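Chemist: Curious how this folds, go ahead:
(4 chains)
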Number of protein chains: 4
Amino acid sequence: MSINSFGHLFRVTTWGESHGPALGATVDGCPPGVPVDEEMLQHWLDKRKPGQNKYTTQRREADAVRILSGVFEGQTTGTPIQLMIENTDQRSKDYGDIAEKFRPGHADITYWQKYGIRDHRGGGRSSARETAARVAAGGIARAALAALIPDLTITGYMVQMGEHKIDRAALDLAQVSENPFWVPDAKAAETWATYLDGLRKSGSSVGAMIEVIAQGAPAGLGAPVYGKLDTDLAAAMMSINAVKGVEIGAGMEAAMLTGEANADEISMGPDGPIYSSNHSGGVLGGISTGQDIVVRFAVKPTSSILTPRKTITKSGEDTEIITKGRHDPCVGIRAVPVGEAMMACVLLDHVLLHRGQVGENRGTIG
Amino acid sequence: MSINSFGHLFRVTTWGESHGPALGATVDGCPPGVPVDEEMLQHWLDKRKPGQNKYTTQRREADAVRILSGVFEGQTTGTPIQLMIENTDQRSKDYGDIAEKFRPGHADITYWQKYGIRDHRGGGRSSARETAARVAAGGIARAALAALIPDLTITGYMVQMGEHKIDRAALDLAQVSENPFWVPDAKAAETWATYLDGLRKSGSSVGAMIEVIAQGAPAGLGAPVYGKLDTDLAAAMMSINAVKGVEIGAGMEAAMLTGEANADEISMGPDGPIYSSNHSGGVLGGISTGQDIVVRFAVKPTSSILTPRKTITKSGEDTEIITKGRHDPCVGIRAVPVGEAMMACVLLDHVLLHRGQVGENRGTIG
Amino acid sequence: MSINSFGHLFRVTTWGESHGPALGATVDGCPPGVPVDEEMLQHWLDKRKPGQNKYTTQRREADAVRILSGVFEGQTTGTPIQLMIENTDQRSKDYGDIAEKFRPGHADITYWQKYGIRDHRGGGRSSARETAARVAAGGIARAALAALIPDLTITGYMVQMGEHKIDRAALDLAQVSENPFWVPDAKAAETWATYLDGLRKSGSSVGAMIEVIAQGAPAGLGAPVYGKLDTDLAAAMMSINAVKGVEIGAGMEAAMLTGEANADEISMGPDGPIYSSNHSGGVLGGISTGQDIVVRFAVKPTSSILTPRKTITKSGEDTEIITKGRHDPCVGIRAVPVGEAMMACVLLDHVLLHRGQVGENRGTIG
Amino acid sequence: MSINSFGHLFRVTTWGESHGPALGATVDGCPPGVPVDEEMLQHWLDKRKPGQNKYTTQRREADAVRILSGVFEGQTTGTPIQLMIENTDQRSKDYGDIAEKFRPGHADITYWQKYGIRDHRGGGRSSARETAARVAAGGIARAALAALIPDLTITGYMVQMGEHKIDRAALDLAQVSENPFWVPDAKAAETWATYLDGLRKSGSSVGAMIEVIAQGAPAGLGAPVYGKLDTDLAAAMMSINAVKGVEIGAGMEAAMLTGEANADEISMGPDGPIYSSNHSGGVLGGISTGQDIVVRFAVKPTSSILTPRKTITKSGEDTEIITKGRHDPCVGIRAVPVGEAMMACVLLDHVLLHRGQVGENRGTIG
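Modeler: Residues are numbered from 1 along each chain as shown, chains lettered A, B, ... in the order given. Take a look at the predicted model:
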């Protein structure tokens, strides 16, 4: 199974299984001279760390990241950065059952059909634990972006959990860090708490929608026509476990709109073009406009639930399965920092790509 | 602007501008011994050819494709296949206005901001004409797939135009080729005709949703975790002009579902696993299940409309623009064969990738 | 047969067969705003054009290059540049014999063994005609380098033909363009003329050694550890038809030297470090030092000769073959502009890579 | 500094510095079901381990390799394999001097000029210690090749040390493992011992020439025209520290030969084509012929010597340097297992590439 890498110039390769000795990310192409340390990365890892509250899996992982190479006296040297996270709490016995049975809606059966061998413990390579490595790599990307584009901010948050959507009118990014759901709407946070608590107790699970927004990115990022900024964002988000859909700006809604309604009208502001709206999600023709870059992705409910589901065994007998392991009632919660990390990696990659392919001589207006 | 290529082993590079002498695709990595000729490719190109009915741009292009290399005595040799389509009908004067003004919702402004130079004629490289090269390359992919997986079929169709959606209960793939909208619902075809006719006369435009389905693909295709089948499909579709969202199977709906509702239950059939439903869209953990592979994408309305829109000039003055050129009231119609072509390219690529990385020894069930 | 592309950011894909309708290069990643026209490229193509004197094949090709995309009003736009050269003089009948027999020392047999199908006419894809496309692409690279590093010069020349080597003491680059052998030594030019004339008349052929030197390249180019400048130069030169060896600086001689003899001592000059010698060939640890970059490669004699050689047929019978086609007694002559083109492509690629990965903040000395 | 990866389908990324906590290789694309364990890899690492005899650096490293991922119950799963080697014996004080001074002939100065920051301890990333990771990855490649092509053998040996060359007539591969120089000539082994002992005592160093031969590789490997088997071998060998030249088969000698002398004549044998000689080194047109694949590379003498050499400081003052650290009088010795490892990686990569791009339907003869 090749292709465990993504990125053009800022290239991240993740490795490791859910219940192996360790997992991590090999980060190649980070510019030299960027201040980086383990504390900085730990901050982001702690956001997705399991076992932090009753709404996420009770698996207890320190998720302590170590930098094994590429950083010297507190700065990146331009050499590959190896980030390692050791697995500490692996209750493999929890998974005895799934060695023989395939969980419906899970990668168990396809990994088996593709490779004829799989590390079934905790889903092995297909476990959401792989996303810890993405978050660590995203921390490196954030550090480099901070050095290159100081004003850039990246914020992820949930906009929907099951049937419950946030009230867009009440959207307040300051609320995101004030609740366990990363939801930018205080009222929603309360409703969701009650709702998810019920799901958790019944051993069920539910899907979610996450939005990630980048503010302060310059115009001109994106490599048409197959490395478009939105193309790479779509791939980055769709590669996250359990993601089934990705949209930019108006997204699926665009199918409903007329040309008049969809057009973001332009006028000249003191510092450049100003747009009357942002149906484009900050991307036109695959290149950033300078507006907020807005991406959303849908996460399906985890397939590990306590209700019995019909399935088959490796030897082909019909049977039923319930998953006793420790799981998230809504994996979407922990997908938020992962989405932020992917946004950071893609943006840094395109900042470096633009610098290499075009240099600084961008077109001026006015 | 680099990265005009996509694919891992089956690698397609498109080139050319809307009003240059020609455009085309350089196709590298097609297996040897595949029967290919120009007629075969022309069949697919004719599906997206403009000027075929009053619902598409009146620009008249023969879109005649020539094979310049890689095919010897009617078969591919394994060497790069060069496909060239000459541009014949270029009314560049139609575009005088947009040399100085940026069309809202169009790539005019971002190409200028990125490169400081752009071929404004007909949108240059950002024109939907680039998709003709994709369709030609898709024809090669289809020919290779026909040789490798005879039972595989790929079908694209519209499921929504503006507010109008098809009746899923009435879905009939036999209808797709019976109307100018590639819509699998005879009644919808009539309603849409009236609706689009009105839009066309008013010089407006509208978005659309396209679904592409692959039937007969084997289980085991996909290269986790960053070359997942759905990841590559998302990138492929998002790279098409005007696409703002992509989803697989249940897609965005997955955010609403519970684990119980989302799980596609499995039972053992005579020829292998049978699934009770297809929320996964034929992909689990980035690997094909053997079910139908189902992808949908939303196309925004073209920004070239007759209603005046506020915009600015290169020199930074506020102004208004209307686009007099010949355009599609619903570009989604011609996006259907393009979506099919991208599906074909991605599937062939993953068939070759699996063969190289894993070989034929897949895991067996029962 | 994939992998017809090379380069990281400046990416060249060549396509086409010796006796197909055309061949060419798809050039992706050229920065925008570079002045380019067909005359400029033709200048380089004419250097390697066949039939210019009695020392090269009598095949008469105009080798006229057309720019089909990527250039607008005399400047590159950053979009892919398609360069096409039509084949005009194809005496395919000359090759009837090699449809069934394999030429010893030629790719005939391996292409057949790999693909089970081959365009035998003139060697098809394996013909040295493919190098015309490299020279065209090299012309684009030279134009971009001229804009980015005005003082850079790239010069290729022969240093050996068969047993005859140049007199290093007499090396004079001004002589290179004064003789049909691109040899920087007037005396050698005379000797070689007599020698090669004899070979030509006897229908024999001979090998050669070419040296390509880049003067004025900045320190800091190269992407350790697998995209080292010398690694990419070695690959670029070895990929040229008939090349069997590549060396940098002292090259193979380095095996003989002691550490004391090999060390290029450093002292401080007015504009930076000065080296007492250049055993490194301008590359240390895969990164350019600012000295002349010196690469040499050995070209084997063409296998198309008039003396009968033992071989076999496709059906496995022992037989003999003589090649009646029009061939070069010393293909090394026409390899000179090809080596220059590859040097130009590799250098531009690394200039762009450095700009993207590191930016302008290089380390300063003093 | 990006591009720390090589390979197309079998993709190896090495990471780590000479005096960091650890170094290793991330191996992506190994087929599933290959038997692999740490002992197997340790066998190869021990071949290049330092401090084994008086002819190699006295630095004492266990070079113990750990498999952190990608192997389950003794078999590869198709997921990325992380190989880690911890650094144990780091006498950084030995290197105090080179923090400020640049060693002539060493990457010290170019890393500084490129990045403006470098881990000077032991050469950091540019240290030959990086090759330990290559050897570990090569062990994985050998295991996969053993499963795919049981008869394939890869053997590396020294053919020259300084002025001393082996006697080709006396070449005996059985001797390779019988002496500390991996030399296939018992007499040479004795002479070299005396010679190198003298060099070592005088604190000098010398270059070497290594030959690596692969026997039993099938015809048809290689991806023309920029992923030719010899192109990839040239890149692989040139990327090894201190290598200044690479040649295939007749190599540089080919420049001297006539077409008659160079042609390897072909006749039909019981199991396919038989060649009268092997000037091609087993590669024609970039594709393997089925003969022995023969590559040679020249290694320069280490620049770390006890004789004072003129150099400059970071602040630009002229000075002298002698390197007190523990170094190899002939790094070529330890380059032998590294060359073998690179050959193994390149061959496996092309076996997988051929399988993916062409499949099994090769052309038959007779």
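Chemist: from the middle of its chain, how far away would the longest helix seen in chain A be?
Modeler: If each helix of chain A is counted by residues according to DSSP state H, the longest one is helix A:332-357. Helix A:332-357 has its average C-alpha position 9 Å from the chain's average C-alpha position, going by CA atoms, centre = their mean, to the nearest Å.
Chemist: With stretch A:308-316 instead?
Modeler: On CA atoms, centre = their mean, the centre of stretch A:308-316 falls 31 Å from that of its chain.
Chemist: swap in stretch A:67-77?
Modeler: The chain centre lies 25 Å from the centre of stretch A:67-77; the measure is CA atoms, centre = their mean.
Chemist: now do the same end-to-end measure for that stretch.
Modeler: 13 Å (CA to CA, to the nearest Å).
Chemist: any bit of stretch A:212-221 sitting next to chain B?
Modeler: Yes. Shown here: stretch A:212-221 in contact with chain B (CB under 8 Å from any CB of the partner chain) through A:Ala219, A:Gly220, A:Leu221. Using the backbone N, CA and C atoms, a C-beta is placed for each residue, glycine as well.
Chemist: hey, where'd the helices end up in chain A?
Modeler: In order along the chain, chain A carries the following helices (DSSP H): A:38-48, A:108-115, A:130-148, A:186-201, A:229-238, A:259-262, A:332-357.
Chemist: Would you tell me which of those helices gets closest to D:Gly20?
Modeler: Comparing the helices of chain A against D:Gly20 with CB to CB, the closest turns out to be helix A:38-48 (13.7 Å).
Chemist: list the helices and strands the closest one packs on?
Modeler: Using 3 or more CB pairs under 8 Å, 6 or more residues apart in numbering or on different chains; DSSP states H and E, the elements in contact with helix A:38-48 are strand A:65-67, helix A:130-148, helix A:332-357.
Chemist: Chain B is nearest to which of the ones you listed?
Modeler: Between chain B and the helices and strands packed on helix A:38-48, the shortest gap by CB to the nearest CB is with helix A:332-357, which sits at 5.3 Å.
Chemist: now for the closest one, which elements pack on it?
Modeler: Other helices and strands packing on helix A:332-357, by 3+ CB pairs under 8 Å, 6+ apart, are helix A:38-48, helix A:130-148, strand A:153-161, strand A:208-215, helix A:229-238, strand A:293-299, helix C:332-357.
Chemist: Contacts only, for whichever residue of the stretch 201-350 of chain A sits closest to chain D.
Modeler: Using CB to the nearest CB, the closest approach of the stretch 201-350 of chain A to chain D is made by A:Asp349 at 10.5 Å. Counting by CB atoms under 8 Å, 6 or more residues apart in numbering or on different chains, A:Asp349 touches A:Gly7, A:His8, A:Leu9, A:Phe10, A:Asp232.
Chemist: how does it look with 10 Å?
Modeler: For A:Asp349, the contacting residues are A:6-12, A:29, A:141, A:221, A:223, A:227, A:229, A:232, A:236, C:356, by CB atoms under 10 Å, 6 or more residues apart in numbering or on different chains.
Chemist: what's the burial count for the closest residue to chain C within chain A?
Modeler: When distances are taken as CB to the nearest CB, chain A approaches chain C most closely through A:Gly356, which lies 2.2 Å from it. Using other CB atoms under 10 Å in any protein chain shown, A:Gly356 is surrounded by 26 other residues.
Chemist: didn't it look like it was pressed against B:Ser2?
Modeler: Yes. The pair A:Gly356 / B:Ser2 is scored as a contact, 8.6 Å apart, by CB atoms under 10 Å.
Chemist: list the residues that contact both of those two?
Modeler: Shared contacts of A:Gly356 and B:Ser2, defined by CB under 10 Å, 6+ apart, are found at A:His8, C:His8, C:Leu9, C:Phe10, C:Gly29, C:Pro31, C:Leu352.
Chemist: quick one: which of those is most hemmed in?
Modeler: Using other CB under 10 Å as the neighbour test, these are led by C:Phe10, with 29 neighbours.
Chemist: on that earlier part again, now for the helices and strands packed on helix A:332-357, which one comes closest to C:Lys49?
Modeler: Using CB to CB as the criterion, the shortest distance between C:Lys49 and these is 8.5 Å, found for helix C:332-357.
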